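[1] Quick one, fold the following:
(2 chains)
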Amino acid sequence: MTAITHHVPDALLANYAAGNLPYAFSLVVAAHISLCTECRAQLEAHHVVGGLMLENASKEDLSADLKNNVLAQLDDAVAPQEHYRRSGIYPGPVMEALKGKPPRWKSLGLGVRQSILSADHDSSLRLLYIPAGTAVPDHSHNGLELTLVLQGSFSDDTGRFGVGDLEVADQHLEHTPTADPGDACICLAATDSPLRFRSIVPRLLQPLFRI
Amino acid sequence: MLDTLAPLEKPVNPGLRSGQMSVLAGLMDGDGLNEAETPEFNDQTIWMLAVRDKRDRSAFALLFDYFAPRLKAFVIRSGTSAGQAEEIVQDVMLTVWRKAALFDPHRSQTSAWIYQIARNRQIDLFRKNRRPVPEELDLDLSDEPDPSQIIAMEQEVGQLKDALARLKPNQREIIEQAYLGELTHQEISTQTGLPLGTIKSRIRLGLERLRHDLKGMR
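    The predicted structure is shown next:
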């Protein structure tokens, strides 16, 4: 496995840390961080700033019984939270989106397959399976698109993207990503739906693309 | 082995034999012999480690006294009703107790760790999907803690804290809003005169070591 060379841009990471990203984007960022110690360190640095904000926060009076209520619950048995571990090429956050099951691939023709993980009003998330040498089909997108490589690699005008690399693209990037020779390329891709999210996207994008 | 001990050596009582030396070296941090059971960590780190390693309820009570009122104010500021705020405070503090084993003072500050738990909890309440979070790194608690590294981390954060304290109130306000999820970072950067660059360079200083530490973990 080659080193990760395409990382989460800091503005995107900061928005992830603060909880500003739609679900699909935050899932891709979480999946990348699961594979990338550099971005994990950067995220933890943002948490440090957040923690200092918490330390500096004013204090709000608590109900008289809150502390005793909490202390009384320390020994309570808790049902363990469903915890999804990495499975094969799929990092934990992707396994969570898959609910622990293998992807259910649907053919898009020419050997290309997709598995939709989520689609809601502000973003959609899918896995793409692209045979070696094949171009990613239907590649118009209106807003922000994040693509994380999980297996194989693809290349476009902007470079080569291998396992763990994240491509950040907006509508100004005209590109034809093509899977490199070798293993089929499997990617996790998030896009915003053009309907509701359009107004938010440019704000998110500006620091990333200097538009 | 000798190489790693060398920087710690102090003028030694000639009566000590080498076996005793290494025991002493184990008790020393960068500043010399430490008689206290815990090195000079800040209170929050000491409380958090007592909770993690000894399941110490009185240390947890101290963490509660410090963080709970701040957490309540913090979540109210980011749009939670006063009624629901206490519910979140309760959930967050119970998570601190239950997930303490995941706390690693070599790469995280107590307040940073709690901040992240609080943001996750708040976001989960707003959305139907659980907030996606990265895989946890496996923490090997049998590893010897490295006090000098923990102290260096605290000092780094202390400098960042000073830099934040020197900001003008309105500038600090903007950063607070950002980390409460009220602003996009784009909105921050359009505020002129905000020395975010200074802060970022502070973050980066800390990052270098974080990055270095993390490299060994996978």
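[2] Where in chain A is the helix or strand with the lowest mean pLDDT?
    For chain A, counting by mean pLDDT, DSSP states H and E, helix A:201-209 ranks last in confidence among helices and strands (a mean of 44).
[3] Check the secondary structure at B:Leu137 for me.
    coil (DSSP: H, G, I helix; E, B strand; the rest coil).
[4] repeat for A:Lys99
    coil.
[5] if I look at it, how far off is chain B?
    From A:Lys99 across to chain B, the span is 11 Å (CB to the nearest CB, to the nearest Å). Heads up, the C-betas are built off the backbone N, CA and C, glycines and all.
[6] go on, A:Leu98?
    From A:Leu98 over to chain B the distance is 12 Å, taken as CB to the nearest CB.
[7] Can you show me the helices along chain B?
    Using DSSP state H, the helices assigned to chain B run over residues B:2-5, B:18-27, B:43-54, B:57-77, B:82-98, B:110-126, B:147-165, B:169-179, B:185-189, B:196-215.
[8] which stretch among these comes nearest A:Val136?
    A:Val136 lies closest, by CB to CB, to one member of the helices of chain B: helix B:185-189, at 28.5 Å.
[9] pLDDT (mean, whole number) over that closest one?
    Mean per-residue pLDDT for helix B:185-189: 54.
[10] picking that back up, will you turn the helices of chain B into CSV that also has mean neighbour count and distance to A:Gln42?
    Formatted as CSV, the helices of chain B follow (neighbours: other CB atoms under 10 Å in any protein chain shown; distance: least, CB to CB, whole Å):
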stretch, mean neighbour count, distance to A:Gln42
helix B:2-5, 10, 30
helix B:18-27, 12, 34
helix B:43-54, 19, 22
helix B:57-77, 20, 23
helix B:82-98, 19, 24
helix B:110-126, 22, 13
helix B:147-165, 17, 14
helix B:169-179, 18, 15
helix B:185-189, 19, 13
helix B:196-215, 17, 6
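[11] and the ones you listed as CSV, adding distance to chain A?
    Shown next, in CSV, are the helices of chain B (distance: least, CB to the nearest CB, whole Å):
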stretch, distance to chain A
helix B:2-5, 24
helix B:18-27, 28
helix B:43-54, 9
helix B:57-77, 4
helix B:82-98, 5
helix B:110-126, 3
helix B:147-165, 5
helix B:169-179, 4
helix B:185-189, 5
helix B:196-215, 4
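[12] I'd like to know which of those helices is closest to A:Ser115.
    helix B:110-126 (24.7 Å).
[13] So which elements touch the closest one?
    Judged by 3 or more CB pairs under 8 Å, 6 or more residues apart in numbering or on different chains; DSSP states H and E, helix B:110-126 is in contact with helix A:10-18, helix A:37-56, helix B:43-54, helix B:57-77, helix B:82-98.
[14] List the contacts of the third one.
    In other words, helix B:43-54. B:38, B:41, B:56, B:59-60, B:62-63, B:66, B:96-97, B:100-101, B:103, B:105, B:109-111, B:113, B:141, B:150, B:154 (CB atoms under 8 Å, 6 or more residues apart in numbering or on different chains).
[15] What residues does the closest residue to B:Pro105 other than its chain neighbours make contact with?
    Spatially, and ignoring its direct neighbours in sequence, B:Pro105 is nearest to B:Ile150 (4.7 Å; CB to CB, 6 or more residues apart in numbering or on different chains). Contacts for B:Ile150 (CB under 8 Å, 6+ apart) come out as B:39, B:41, B:45, B:105-106.
[16] Make CSV from the helices of chain B and add distance to A:Leu144 to it.
    Shown next, in CSV, are those (distance: least, CB to CB, whole Å):
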stretch, distance to A:Leu144
helix B:2-5, 48
helix B:18-27, 52
helix B:43-54, 37
helix B:57-77, 28
helix B:82-98, 30
helix B:110-126, 19
helix B:147-165, 30
helix B:169-179, 19
helix B:185-189, 13
helix B:196-215, 22
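[17] quick one on the thing from earlier: let me have the helices and strands packed on helix B:110-126 in TSV, adding distance to A:Tyr129 and mean pLDDT as columns.
    As requested, the helices and strands packed on helix B:110-126 are arranged in TSV below (distance: least, CB to CB, whole Å; pLDDT from 0 to 100):
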stretch	distance to A:Tyr129	mean pLDDT
helix A:10-18	25	83
helix A:37-56	25	88
helix B:43-54	42	95
helix B:57-77	42	96
helix B:82-98	37	94
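[18] would you turn the ones you listed into JSON lines with distance to A:Leu146?
    Shown next, in JSON lines, are the helices and strands packed on helix B:110-126 (distance: least, CB to CB, whole Å):
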{"stretch": "helix A:10-18", "distance to A:Leu146": "8"}
{"stretch": "helix A:37-56", "distance to A:Leu146": "13"}
{"stretch": "helix B:43-54", "distance to A:Leu146": "34"}
{"stretch": "helix B:57-77", "distance to A:Leu146": "29"}
{"stretch": "helix B:82-98", "distance to A:Leu146": "28"}
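[19] Out of the ones you listed, which is closest to A:Asp157?
    helix A:10-18 (20.9 Å).
[20] So which elements touch the helix or strand that comes right after the closest one?
    Per DSSP states H and E, the first helix or strand lying C-terminal to helix A:10-18 is helix A:23-35. On a contact count with 3+ CB pairs under 8 Å, 6+ apart, helix A:23-35 meets helix A:10-18, helix A:37-56, helix A:92-97, strand A:112-119, strand A:124-130, strand A:145-151, strand A:185-191.
[21] what about 6 Å?
    helix A:37-56, helix A:92-97, strand A:124-130, strand A:145-151, strand A:185-191 (3 or more CB pairs under 6 Å, 6 or more residues apart in numbering or on different chains; DSSP states H and E).
[22] now that helix: mean pLDDT?
    Here the average pLDDT along helix A:23-35 is 95.
[23] Return the distance of it from the chain's centre.
    3 Å (CA atoms, centre = their mean, to the nearest Å).
[24] Tell me what angle it forms with strand A:145-151.
    Taking axes from the mean of the first three to the mean of the last three CA atoms, to 10 degrees, one finds helix A:23-35 and strand A:145-151 inclined to each other by 40 degrees.
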